[in-house]
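Asks: After the sequence you'll find the predicted model.
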Amino acid sequence: MVSNTSDLSRVLVVDDSPFFRRLLTEVVDGSGEFRVVATARDGMDALRKVRAHSPDLVLMDIEMPELDGLGAIGYIMAESPRAIVVVSAHVGPGAAAAIRALELGAVDLVAKEDERGAAATSRFAERLMIVLRGARSATVKRVSLPERDTREVVRETSSTMTSRARLCVAVAASTGGPRALAEIVPQLPTGLDAAVLIVQHMPPKFTRSLAERLCSQSHFAVVEAEHGMPILADRAFVAPGDFHMRVVARSGGLELTLDQEPSLWGVRPAADPLFSSVAHHFGARAIGVVLTGIGRDGADGLRQIHEAGGIGIAQDRESATVYGMPSAALQSGGARYVLPVTEIAGRIAAELTRLKPR
């Protein structure tokens, strides 16, 4: 049965490359779920097309002439918010800018393929459809253009910086996650003997840019995790794209291990393997946090943290871009607290203070 075109979600394609405008249009129009109502060659053109066609979703390149993707996203989310998906290269300045775009209100991102050909197009089309379906269900709110924060983050250089963490905060995030993480991680205090382990559903190579961005904003030192890294206090570790991350016990103490075992819930990294290992090794000294995202990743793991004596936190419906993951965490029985994103860092700090060994 052919869908009535009026029932299909309307998409604006924005890219300065004629090749990618054509490719994105062919993939979207061939999906049977979405249709392209217009294309734009730069950010200024995108603003005109948004006003003229009022699309449901926007596929946005970042590096463009006239007005780049960041500028266009800022204007759209402040004036006429709608679901924006970033389509970006994962190398060079494009990766860092894509993370910034997610903070400005874009709901997700898709990496452009380095290769061209039928196989590459098929891989790209599959990823794009998954992300568009998630973006279609996102709750999009007006986002004020943030004031530039010129404060320099000063990190203390105490002995705590190199000690093994006694407490652990494990965080799961998907669609809308980078913006939530930017709200939470920079507000976490150091000196509480805690490490933060983050799983953000994100393509490979973008996770390093996410870690670097969070590090520039935070008192914690934030890094993309590597296999065998010791779990140190006052450090945050972001699972690299396409790798599951777990906690393991070695002779020298707890370390991180990375693997490429099969995807779970359709994603890799997934939060459930991490949360399960955190429950096993940290027990009552763990805090699990499930943030915005589609699906149910993190729900089973949060319940395990709860059953091991730890604390479970889920983001509330009102502040979540997509309430799927927090809702599943609440239904599984693992969440002690359901909080708006603006209150999560404070609750984590309070629980860590309570748990810190005297």
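Replies: That came in fine, so what should we check first? Since the model is a prediction, treat every value here as computed from it, not as a measurement. Numbering: from 1, shown residues only.

Asks: Any idea how many residues pack against residue 329?
Replies: Residue 329: 32 surrounding residues under other Cβ atoms under 10 Å. C-beta here means a position set from N, CA and C on the backbone, and glycine is covered the same way.

Asks: Following element in sequence after the strand or helix carrying it, please.
Replies: Using DSSP states H and E, residue 329 sits in helix 324-332. Next helix or strand after helix 324-332 toward the C-terminus (DSSP H and E): strand 337-339.

Asks: The closest residue to residue 17 other than its chain neighbours and residue 18, how far apart?
Replies: What sits nearest to residue 17 in space, not counting adjacent residues and going by Cβ to Cβ, 6 or more residues apart in numbering, is residue 61, at 7.4 Å. Going from residue 61 to residue 18 by Cβ to Cβ, to the nearest Å gives 12 Å.

Asks: Between those two, which is the more surrounded one?
Replies: For residue 61 and residue 18, the more surrounded residue by other Cβ under 10 Å is residue 61, and the numbers stand at 28 against 10.

Asks: count of neighbours near the spatially closest residue to residue 327 that is not a sequence neighbour?
Replies: Once flanking residues are discounted, residue 327 sits nearest to residue 317: 7.3 Å by Cβ to Cβ, 6+ apart. By the criterion of other Cβ under 10 Å, residue 317 has 14 neighbours.

Asks: Quick check: closest non-adjacent residue to residue 223.
Replies: Nearest residue to residue 223, sequence neighbours excluded (Cβ to Cβ, 6+ apart): residue 211, at 5.5 Å.

Asks: wait, I meant residue 247
Replies: Using Cβ to Cβ, 6+ apart and skipping residues adjacent in sequence, the residue nearest residue 247 is residue 277, 4.2 Å away.

Asks: which of the residues in stretch 29-45 are buried?
Replies: Within stretch 29-45, the residues that qualify as buried by neighbour count (16 or more other Cβ atoms under 10 Å) are 31, 34-45.

Asks: OK, contacts around the residue nearest to residue 327?
Replies: 323, 326-327 (Cβ atoms under 8 Å, 6 or more residues apart in numbering).

Asks: Which of the three states applies to it?
Replies: coil (DSSP: H, G, I helix; E, B strand; the rest coil).

Asks: Centre of the chain to the helix or strand harbouring residue 72, how far?
Replies: Per DSSP H and E, residue 72 falls inside helix 69-79. The chain centroid and the centroid of helix 69-79 are separated by 19 Å under Cα atoms, centre = their mean, to the nearest Å.

Asks: swap in stretch 43-57?
Replies: So, by Cα atoms, centre = their mean, the centroid of stretch 43-57 is 25 Å from its chain's centroid.

Asks: List of residues touching that stretch?
Replies: Taking Cβ under 8 Å, 6+ apart as the rule, stretch 43-57 contacts 9-12, 14, 34, 37-40, 58, 60, 64, 66-69, 71-72, 75-76, 80, 82-85, 132, 135-136.

Asks: CA-only coordinates of it in PDB, if you can.
Replies: Extracted C-alpha coordinates of stretch 43-57, given in PDB (Å, rounded to 0.1, in the frame of the first residue of the first chain):
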ATOM      1  CA  GLY A  43      22.200  28.400   6.100                       C
ATOM      2  CA  MET A  44      20.600  31.600   4.800                       C
ATOM      3  CA  ASP A  45      18.700  29.600   2.100                       C
ATOM      4  CA  ALA A  46      17.700  27.100   4.900                       C
ATOM      5  CA  LEU A  47      16.100  29.900   7.000                       C
ATOM      6  CA  ARG A  48      14.100  31.100   3.900                       C
ATOM      7  CA  LYS A  49      12.900  27.500   3.200                       C
ATOM      8  CA  VAL A  50      11.900  26.800   6.800                       C
ATOM      9  CA  ARG A  51       9.700  29.900   6.700                       C
ATOM     10  CA  ALA A  52       8.300  29.100   3.300                       C
ATOM     11  CA  HIS A  53       7.700  25.300   3.800                       C
ATOM     12  CA  SER A  54       7.400  24.700   7.500                       C
ATOM     13  CA  PRO A  55       9.100  21.300   7.400                       C
ATOM     14  CA  ASP A  56       8.600  18.700  10.200                       C
ATOM     15  CA  LEU A  57      12.300  17.800  10.200                       C
END
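
Asks: What mean pLDDT does it get?
Replies: Summarised as a single mean, pLDDT over stretch 43-57 is 97.
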